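Q: coordinates for the following, if possible.
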Amino acid sequence: MKTRRTTELMKVRFTLNIKSAGIRLDQALLEEIRSKLPSLSRQTLKRCFKDKTIFLNHRPSQACEASHILPIGNHEIEIRGISEIAFADPKAMPSPRGCFLPIMYEDRDLLILHKKSGTPSLPLSPHETETAVNAALAHAPEIAGVGRGGLEPGLLHRLDTGTSGLLVFAKTMAEYKRLRTLWKNGKVEKRYRAIVTVQEGAQTLDDLPMTLTFPLAHDRKSSKKMVAYLASSKIRGKPLPAETIILKAKELSPPRRGHLDLEIQIHTGVMHQIRCHLSTIGWPIVGDPIYGGSPADRLWLHAWKLKIPLRSGTVLSLEAQLPQLF
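A: Next up is the predicted model:
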């Protein structure tokens with residue numbers, strides 16, 4: 001990658017290798033540009049498309065659209081007129097109103113917060129201060145250089161913005177590495193609750209527990225959606241293994257027609273895993289329009305229980321209070 005600096009602006013050139021058909025330019029850049037320019041934020045990239053400063057295969061007279069479909073092969077990308085500030089290492093800032101999320105557990109290694117529905121897990125730029133990461137930094141500033149640092153310091157996993165419940169931060173690099181290994185090996189037990197509705201032709205939930213194991217992949221047309229990988233699926237990138245176990249299903253109290261309260265356990269952590277798996281079998285989560293859920297004031301998915309092996313050898317068991325509708 002060649003970078004030419006001027007007093008205020010930068011010009012960046014690099015080769016983008018596309019290995020599968022049907023990939024949009026913005027999706028390819030989001031996935032592959034980060035390895036070359038890890039500090040380039042999503043907002044900066046969107047602004048580049050808006051300002052017509054991204055060029056493909058030496059076409060100086062015509063800037064590229066974000067939705068441009070890339071053929072398989074190598075493509076020369078040029079991004080013009082980026083401020084040097086965009087390449088400064090972005091760092092999350094402590095929330096100016098302190099730790100505004102309830103602290104569920106803390107010791108010298110760990111900080112666990114109860115994230116509210118509607119609060120993002122992490123900021124997308126240094127200017128955001130109302131995320132769980134900002135709340136954690138306000139309480140434990142020592143996490144700033146832990147894990148990936150930058151905009152996700154100490155963060156061991158993510159919850160979708162609409163999902164509420166337990167969110168875990170490591171306070172030291174040693175603990176981050178230890179728990180990341182446990183997370184990848186399925187040694188951390190994660191249970192969720194979800195309120196779902198039945199669709200016509202939905203799979204029955206009579207024989208529980210039920211394990212859903214079909215792989216998931218990024219939707220070919222939308223970077224915000226996953227799809228179940230079936231023979232006819234149009235996907236982007238490689239399918240990812242995913243395992244979701246529906247442990248229990250019961251009616252709400254008082255009962256609501258066509259609604260069920262599910263208890264779920266996951267052994268993997270693919271983007272939108274529970275949401276996509278449940279929607280695929282005809283039980284979309286209430287408040288999830290991306291996957292066909294009925295309208296609601298929030299996404300009714302809750303990270304309910306965690307069991308985490310501590311350094312001492314004991315197992316920490318936590319339970320986040322259920323939202324009222326459960």
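
Q: drop to CA atoms for contacts and neighbour counts, all remaining ones
A: OK.

Q: give me the neighbour count for Asp219.
A: 19 (other CA atoms under 10 Å).

Q: surely it and Met226 touch.
A: Yes. Contact status for Asp219 versus Met226: in contact at 5.1 Å, counting by CA atoms under 8 Å.

Q: which strands and helices sit next to the helix or strand hosting Cys276?
A: Here Cys276, judged by DSSP states H and E, is contained in helix 273-280. Packed against helix 273-280, as judged by 3 or more CA pairs under 8 Å, 6 or more residues apart in numbering; DSSP states H and E, are the following elements: strand 226-228, strand 244-250.

Q: which strands or helices does the helix or strand just after that helix pack on?
A: Later in the chain than helix 273-280, the nearest helix or strand by DSSP H and E is strand 301-309. Judged by 3+ CA pairs under 8 Å, 6+ apart, strand 301-309 is in contact with strand 164-170, strand 189-197, strand 315-319.

Q: what's the separation between the closest residue to Gln273 other than its chain neighbours and Cys99?
A: Closest residue to Gln273 apart from its sequence neighbours, by CA to CA, 6 or more residues apart in numbering: Ala242 at 7.0 Å. To Cys99, Ala242 is 33 Å away according to CA to CA, to the nearest Å.

Q: how far off centre is the lengthiest helix in the chain?
A: Counting residues, the longest helix in the chain under DSSP state H turns out to be helix 173-184. Centroid separation between helix 173-184 and its chain, computed with CA atoms, centre = their mean, to the nearest Å, is 18 Å.

Q: now do that helix, average pLDDT.
A: Mean pLDDT, helix 173-184: 95.

Q: and the helices in this protein, which stretches?
A: 25-32, 42-50, 132-139, 173-184, 273-280.

Q: next, the angle strand 189-197 makes with the fourth one.
A: Following axes from the mean of the first three to the mean of the last three CA atoms, to 10 degrees, one obtains 50 degrees for the angle between helix 173-184 and strand 189-197.

Q: where does the stretch 51-200 of the chain dip in pLDDT?
A: By pLDDT under 70, the weakly predicted segments of the stretch 51-200 of the chain are 59-63, 81-89.

Q: just the strands from it, written as ranges.
A: 54-56, 69-70, 73-83, 103-106, 110-115, 164-170, 189-197 (DSSP state E, counting those that start in this stretch).

Q: sheet partners, orientation included, of the longest one?
A: Paired strands of strand 73-83, with direction, are strand 9-18 (antiparallel), strand 54-56 (antiparallel) (DSSP bridges).

Q: mean pLDDT for these: which is lowest?
A: Mean pLDDT is lowest for strand 9-18 out of the strands paired with strand 73-83, coming in at a mean of 75.

Q: tell me the angle of it relative to helix 25-32?
A: Using the same axes, to 10 degrees: strand 9-18 against helix 25-32 is 90 degrees.

Q: and strand 9-18, which residues are buried?
A: Residues of strand 9-18 classed as buried under the neighbour-count rule (16 or more other CA atoms under 10 Å) are 10-13, 16, 18.

Q: quick check: which of the strands of the stretch 51-200 of the chain is buried the most?
A: strand 164-170 (a mean of 26; mean count of other CA atoms under 10 Å).

Q: show me what that strand is packed up against.
A: Applying 3+ CA pairs under 8 Å, 6+ apart, one finds that strand 164-170 contacts strand 110-115, strand 301-309.

Q: can you tell me what sits against that strand?
A: Strand 164-170 has contacts (CA atoms under 8 Å, 6 or more residues apart in numbering) with 104, 109-118, 136, 143, 146-147, 153-159, 176, 301-306, 319-321.

Q: in TSV, list the strands of the stretch 51-200 of the chain along with distance to Ile246.
A: Shown next, in TSV, are those (distance: least, CA to CA, whole Å):
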stretch	distance to Ile246
strand 54-56	45
strand 69-70	38
strand 73-83	42
strand 103-106	25
strand 110-115	23
strand 164-170	18
strand 189-197	10
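
Q: which residues touch stretch 196-208?
A: So stretch 196-208 is contacted by 246-249, 258-262, 281-286, 293-294, 300 (CA under 8 Å, 6+ apart).

Q: ChimeraX command for the buried members of the residues you listed?
A: Buried subset of those, written as a ChimeraX selection, criterion 16+ other CA under 10 Å:
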select :246,247,248,249,259,260,261,262,281,282,283,284,285,286,293,300
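
Q: OK, contacts around the residue lying closest to Phe326 once chain neighbours are set aside?
A: Leaving aside its chain neighbours, Phe326 sits nearest to Leu252 (6.7 Å; criterion: CA to CA, 6+ apart). The contact partners of Leu252, by CA under 8 Å, 6+ apart, come to 259-261, 326.

Q: of all the residues you listed, which two lie farthest apart?
A: By the measure CA to CA, His259 and Phe326 form the most distant pair in these, at 11.1 Å.

Q: need the overlap of contacts for those two.
A: Common neighbours of His259 and Phe326 (criterion: CA under 8 Å, 6+ apart): 195, 252.

Q: so how far is Gly22 from Thr15?
A: Separation of Thr15 from Gly22 (CA to CA): 18 Å.
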